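Novice: give me a model of this one.
(chains A and B)
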Amino acid sequence: MKTHFKSIASVALSVALVTTAFVTTPASAATKNLTIETVFQLTPPDPGRTFEQTGNMINHAMYQTLVTYKGGDASTPVPSIASKWTVNAGATQFTFTIDPKAKFSDGTKVTSADVVFSLNRVKNIKGNPSSLMAGITVSAPDATTVVLTTDKATPQVLAIITSPSLGIVNSKVVKANGGSDAVDASTSDTALKYLTSASAGSGPYMLKSFNLTTEVDLVKNPNFWGTDKPAYDKIIFRNVPVNVQRLDVIKGSSSIAIDLSPDQASGVGNKVNVIKGQASNVFFFYLSANSAFSAATKFTSNPKCVEAVRYGINYNKIVRYAGLGAIQAPGIIPSFFSGALTQKDAIKQDTARAKAAFDACGIKDTPVSISFWGSGGAVNGLNFGSLAALVNEDLNAVGFNTSLTGAPIAVSLPLYRDNKEEMGLWLWGPDWPDSTNYTESFSPGTKVGLRMGWAAGADPTISALQAKAATETDAKKRAALFTQWQKEMNLRSPLIPLVQPADILVANKSVLNVKDHPIWKLNLTELK
Amino acid sequence: MKITLKKIKSSKNSNSIWRQPLAVVGVGIIVIWTLLAIFAPWIAPYNPNAQDAAKFLAPSAAHWMGTDELNRDILSRVIFGARISLPYSLLLVALSATLGSIVGAISGYAGGKVDSFLMRVTDVFFAFPGIVLAMAVAAALGPQIRNAVIAITIVAWPVYARLVRGLILNAKQNDYVTASALLGSSSLRTLIVDLRPNLSGPVFVLAALEVGNALLLLSGLSFLGLGAQPPASEWGSMVSLGAENFDRWWVGLFPGLAILTAVLAFNFIGDALRDAMDPRTAKALRD
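Specialist: Coordinates of the predicted model:
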């Protein structure tokens, strides 16, 4: 009897299990998930505070901007929240009409008040992206019109407002959760906690969960108003080292690998698509121009020392290391932006000149450290430690007594931002797709200029070119100014552009419309 | 009388490490690595940091172990790597043995509140997984091989402290220690002159067994980017570069084999030394 009961029980259990499997299978099959693996460059996903690549990619899917770009293009703005716009002749007034269909994920309509709140909040909370709003005033004459005004010609405004950092938030929701756009928002705004747990945008995806170091999950916005409906129910971002990204995408346990180098992407097989492009990141080297910082910077601030480094580096070797598709960066502006220098303009290694400049510099055996993102830090598959080793070898050959001091990003980035490095190896990816991003960031007294210890007034010629380029509205004249600015930078700045790598995305063949973008890397909203 | 002496000598020699084949193999490997480290500039075919070859060359007659992503000869880097991995492993074992022995001796000899306090401190260190604590310390101090040695020393000393404390507690019950105190010896003299000879054997055996672990931990920290800095040809950081390039098997395999052989050799020697110098523990382990 006991045995009989056991048999019946086991059969019942088996039937139950099989039934459960059949019942649950259709549900899970109907769920369309996308897993993306990358090395996180991330801060909490408050658009007003996010300026990093992974954050831009995620925020672009959750928060729409007034205008945006399609596919991999970064030159022709297309409607997003604003259905149309006009620019006055002097490029000082930009008037946008909000699309009447635009609504947030909670179903409420997007109004001009939301736009004003969002942009003023970015300006006043004084996070990293607040510089985007420098010199821009925002107003709303009526519920569907927004006007951006600048006190001088600023033709790049349309490019600037495509930044995911200027994504439009639902002002009612954000205010209810501590948000503020007041002048004192840097201290009074407390919406970060809320925006780390939920999103308040109008994009095709919404935030499901956020972990700064492991995983970020997005789910589709059921109220999305646009024509391109979200193709995936859930998008999962995983923070994964590059070598694991490669293995996972090959075996199919992830859909897209973001950070592979050309070498790593070669030989991935034909089960995946390899999308190749030119990265918008430019790796650069600099010598601190802050003579007061250390015994070494007394010398690194000497133009002869900069010349020794500039002509001592073997750029060809760096390009070979970066792999197929990489090019030497002849200037800091990437190849596809207005006024970019050509390969003819690129600095060539000249060891004799470098050694003569080294002797004239007087640094001799003074130890000098090269700081960089160590502990395996890599972007576009290029390992900062390996790049630093390449530069180090060349500088030692010139005569420098260098040592490499890599550190995890949490340690090295603040040192760089606070001008606490003697020599540094970093990269710059554009905050907005226009060459003014570079003139406004690398000139004396600007953001990166100051990181390099290069104070305002250090080079009046370069600063004058920066000012002219910022207000020039004629496209040809602008391009000429950007070119001239870079040539002057290559003569006298502490900045030495190294390499513009190839950009590789490796994607499962089932994922369609994968395109590389200079600002948000991968356009999640267009993936099919 | 002569016959008796011979018997005693024979008994002592029965535990000699030279009678253990694995120990001989271990010593042989370490001797080879030591010679390679000492004479690296003459033995290595290329400068380990020279970036003159081509990228990712497979092993060939010109480059026996191939080249890495920066065009460097891997054989030369493996040979020069012995100059970092071996001495730093020995150094950190010496440091942790010394620190742990001092703490253990003070704890065991002083007893009472001092003993309780020092052993609770030791317990705190034991409470953390070794590699995690080492990573935290190395990250806090900054990634450098010197800081990695400090980090591992901080992780490794408690085991010596526990061992020495136990030995002292046992030894200080002996009559000769009491007699020494009655004769007016200071605590320091008693520790150094009377008790130290009883400690050195077990501590030495433990240290020998720990060299392999130390090398692994040091390589592990460098693998994670928290130890040796580029362009140093440290074995762990070389394996890390290999892990980024799975397709080029030679980039990670040869430095990995270097770690494997050195760790195995140190473990063989440690086991043999334990058999020779601490037969009671060895017998207990065998039984």
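Novice: give me every residue in the stretch 151-287 of chain B lying close to chain A.
Specialist: Residues of the stretch 151-287 of chain B lying near chain A by Cβ under 8 Å from any Cβ of the partner chain: B:224-226, B:229-231, B:240-241, B:243-247. Yep, even glycine has a C-beta here, placed from its N, CA and C like the rest.
Novice: the same query, at a cut-off of 6 Å, please.
Specialist: Taking Cβ under 6 Å from any Cβ of the partner chain as the contact definition, the stretch 151-287 of chain B meets chain A at B:225, B:229-231, B:243-244, B:247.
Novice: now, of those residues, which are buried?
Specialist: For these, a burial check counting by 16 or more other Cβ atoms under 10 Å in any protein chain shown picks out B:225, B:229-231, B:243-244.
Novice: what is the nearest of those residues to A:K229?
Specialist: If you rank these by distance to A:K229 using Cβ to Cβ, B:E244 comes first, at 38.4 Å.
Novice: now do that closest one, the pLDDT please.
Specialist: pLDDT recorded at B:E244 is 80.
Novice: just checking, it touches A:N243?
Specialist: Yes: using Cβ atoms under 6 Å as the test, B:E244 is close enough to A:N243 to be in contact (4.9 Å).
Novice: quick one: B:T67 from B:V239, how far?
Specialist: With distances taken as Cβ to Cβ, to the nearest Å, B:T67 is found 16 Å from B:V239.
Novice: so between those two, which is more surrounded?
Specialist: Counted by other Cβ atoms under 10 Å in any protein chain shown, B:T67 and B:V239 do not tie: B:T67 has more neighbours, with 28 against 22.
Novice: bridged to the more buried one, which residues?
Specialist: B:D73 (DSSP bridges).
Novice: that one contacts B:L57, correct?
Specialist: Yes: using Cβ under 6 Å, B:T67 makes contact with B:L57 at a distance of 4.2 Å.
Novice: okay, now the unreliable bits of chain B?
Specialist: Along chain B, the model assigns pLDDT under 70 to residues B:1-15, B:17, B:278-287.
Novice: re earlier: closest to A:T213 out of the residues of the stretch 151-287 of chain B next to chain A?
Specialist: B:G225 (15.9 Å).
Novice: if I look at that closest one, how far off is A:V411?
Specialist: Taking Cβ to Cβ, one finds B:G225 at 12 Å from A:V411.
Novice: same deal with A:G385?
Specialist: A:G385 is 14 Å from A:V411, by Cβ to Cβ.
Novice: which one of the two is surrounded by more residues?
Specialist: Between A:G385 and A:V411, counted using other Cβ under 10 Å, the more crowded position is A:G385 (27 against 18).
Novice: what is the helix or strand harbouring the more buried one packed up against?
Specialist: If you go by DSSP states H and E, A:G385 is part of helix A:384-398. Packed against helix A:384-398 by the contact rule (3 or more Cβ pairs under 6 Å, 6 or more residues apart in numbering or on different chains; DSSP states H and E) you find helix A:303-312, helix A:351-361, strand A:367-373, strand A:401-407.
Novice: in that helix, what counts as buried?
Specialist: In helix A:384-398, counting by 16+ other Cβ under 10 Å, buried: A:384-395, A:398.
Novice: stretch B:232-247 now?
Specialist: For stretch B:232-247, by 16+ other Cβ under 10 Å, it's B:232-245.
Novice: may I ask which helix or strand encompasses A:I36?
Specialist: Assigned by DSSP H and E, A:I36 falls in strand A:33-38.
Novice: do B:T122 as well
Specialist: Using DSSP H and E, B:T122 falls in helix B:112-127.
Novice: for that helix, packing partners?
Specialist: Helix B:112-127 sits against helix B:74-110, helix B:145-171, with contacts defined as 3+ Cβ pairs under 6 Å, 6+ apart.
Novice: so what's the residue in chain A positioned nearest to chain B closest to, chain neighbours aside?
Specialist: Chain B sits closest to A:S375 of chain A, with a gap of 3.1 Å, by Cβ to the nearest Cβ. Spatial nearest neighbour of A:S375, chain neighbours left out: B:G225 (3.1 Å); criterion: Cβ to Cβ, 6 or more residues apart in numbering or on different chains.
Novice: so the residue nearest to A:L505 when sequence neighbours are not counted is in which element?
Specialist: Excluding the flanking residues, the one nearest A:L505 by Cβ to Cβ, 6+ apart is A:I275, at 4.3 Å. Per DSSP H and E: A:I275 is located in strand A:272-278.
Novice: can you list the residues of the stretch 401-528 of chain A near chain B?
Specialist: Proximity of the stretch 401-528 of chain A to chain B, by Cβ under 6 Å from any Cβ, involves residues A:404, A:406-407.
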